[in-house]
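J.: Sequence first, predicted coordinates after that:
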Amino acid sequence: MFDIIKKLMKNSSTMTVRAVFMGTPQFAVTILESLFRGSYEVLAVYTQPDKAAGRGRPVVFPPVKKLALERQIPVIQPETFRSSEVVKELASFQPEVIVVAAFGSILPPEVLCLPRFACLNVHASLLPRHRGPSPVANTILCGDELTGVTIMLMEAGLDTGPILAQEKVGISFMDTTGSLSARLADVGARLLLQTLPRWLEGELKPQAQEESRATYSKLITSNDGEIDWQLSALELWRMVRAYNPWPSCYTWCQGKRLKINRAIPLGDGGNGEIGKVIALAEQPGVGVVTRQGILGLSQVQLEGKREMAVGDFARGQRDFIGSVLGRK
């Protein structure tokens, strides 16, 4: 199939390319903005349906929808691509290329074969590592020191298509999913603008992924953030970073939910009861006993209250030191 596409690419650089974009979160916003800077006519934007969120359950637009509406670009929010009517509507735009970035749905073969220059995916990992829906969080959970962005041609498998380009990105010990996603989005936007013209001009040869190196990330849910103090301090530290900003790590403190927004793993000291809050001689001053090591708490947020430094929280909650977390 890709040989046929390559033949169609001749002289494509001399024209404005008709594109459809598919994406949902803030990561995708940065990628979409890069298309606006290039010589691409964005015909429509596909994103996930609006969802209720937060207190009072107000309806919230996906970030990509907000940008598309500002640009007065048609927004389509299909529940599924299994409907022939949805596929027909997409075909009516006559896209020459479809660019996908964190869309949140698997595209069926009927969609993948529509554009003559194929469907390109901007994936936030160094494929074939961390295929699937949560590559950034999974990268942190696994303790990787290096990640990156991959531009790939989409096929029926989950992130299995041949690779057009990759760029590596280092991971800081302070990185959260939020901060790392923002950096990867900037890299992905730049890499897409470098790669897409070369692909359209027939300069790139897709490279098959090495299946023996493939790993998969799972879909993260709101239940994943609850802390199990039977894990090690190192594992919990990675969780706190991976689930920031969503779904956030939390525990139970005297019957109330306590978010742990920032933390740091400390040494193997502290042989007390697992889950017990202890005072520390070193910063951040407060820690929790885990199965292995102490998790130092830095920023916390009690249910219904604002986020604050753990020292300020402990001064306001005098029975916090010595309490055991995780009990409802």
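T.: It's in. Fair warning: this is a prediction, and the values are worked out from it, not measured in the lab.
J.: Could you say which helix or strand holds Glu110?
T.: helix 109-112 (DSSP states H and E).
J.: What are the contacting residues of that helix?
T.: Around helix 109-112, the neighbours that count as contacts under Cβ atoms under 8 Å, 6 or more residues apart in numbering are Phe81, Val87, Leu90, Ile98, Ala118, Cys119, Met154, Glu155, Ala156. Heads up, the C-betas are built off the backbone N, CA and C, glycines and all.
J.: Whichever of the residues you listed end up buried, select them in PyMOL.
T.: With 16 or more other Cβ atoms under 10 Å as the burial test, the buried ones among the contacts of helix 109-112 are selected in PyMOL as follows:
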select buried, resi 81+87+90+98+118+119+154+155
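J.: helices or strands up against the longest helix that the chain contains?
T.: With DSSP state H applied, the helix covering the greatest number of residues in the chain is identified as helix 177-200. Using 3 or more Cβ pairs under 8 Å, 6 or more residues apart in numbering; DSSP states H and E as the contact test, the elements touching helix 177-200 are helix 26-37, strand 97-101, strand 119-123, helix 135-141, strand 146-153, strand 163-170.
J.: what do you get if the cut-off is 6 Å, keeping everything else the same?
T.: Applying 3 or more Cβ pairs under 6 Å, 6 or more residues apart in numbering; DSSP states H and E, one finds that helix 177-200 makes contact with helix 26-37, helix 135-141, strand 146-153, strand 163-170.
J.: give me the low-pLDDT residue ranges for the stretch 151-300 of the chain?
T.: 269-271 (pLDDT under 70).
J.: That one: helices as residue ranges?
T.: Ranges of helices in the stretch 151-300 of the chain, per DSSP state H, counting those that start in this stretch, are 177-200, 233-242.
J.: Redo those as a markdown table? Include distance to Ile274 and mean neighbour count.
T.: Output for the helices of the stretch 151-300 of the chain, formatted as a markdown table (distance: least, Cβ to Cβ, whole Å; neighbours: other Cβ atoms under 10 Å):
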| stretch | distance to Ile274 | mean neighbour count |
| --- | --- | --- |
| helix 177-200 | 26 | 20 |
| helix 233-242 | 11 | 22 |
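J.: what's the pLDDT at Lys6?
T.: Lys6 carries a pLDDT value of 50.
J.: Please read the previous query as pertaining to Met15.
T.: 63.
J.: Please apply the same query to Val59.
T.: At Val59, the predicted lDDT confidence score is 84.
J.: need the contact list for it.
T.: Residues counted as contacts of Val59 (Cβ atoms under 6 Å, 6 or more residues apart in numbering) are Asp50, Ala52.
J.: Quickly list what it is bridged to.
T.: In this entry, Val59 is beta-bridged to Ala52, by DSSP bridges.
J.: measure it to Pro49 for me?
T.: 10 Å (Cβ to Cβ, to the nearest Å).
J.: How about Cys142?
T.: Separation of Cys142 from Pro49 (Cβ to Cβ) stands at 31 Å.
J.: got the domain boundaries for the protein?
T.: Here the chain is described, according to automatic domain parsing, as comprising the domains 2-213, 222-316.
J.: In a markdown table, list these along with distance to Arg327.
T.: Listed next are the domains of the chain as a markdown table, based on distance: least, Cβ to Cβ, whole Å:
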| stretch | distance to Arg327 |
| --- | --- |
| domain 2-213 | 25 |
| domain 222-316 | 6 |
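J.: Point out the most buried one among the helices and strands packed on helix 177-200.
T.: helix 135-141 (a mean of 25; mean count of other Cβ atoms under 10 Å).
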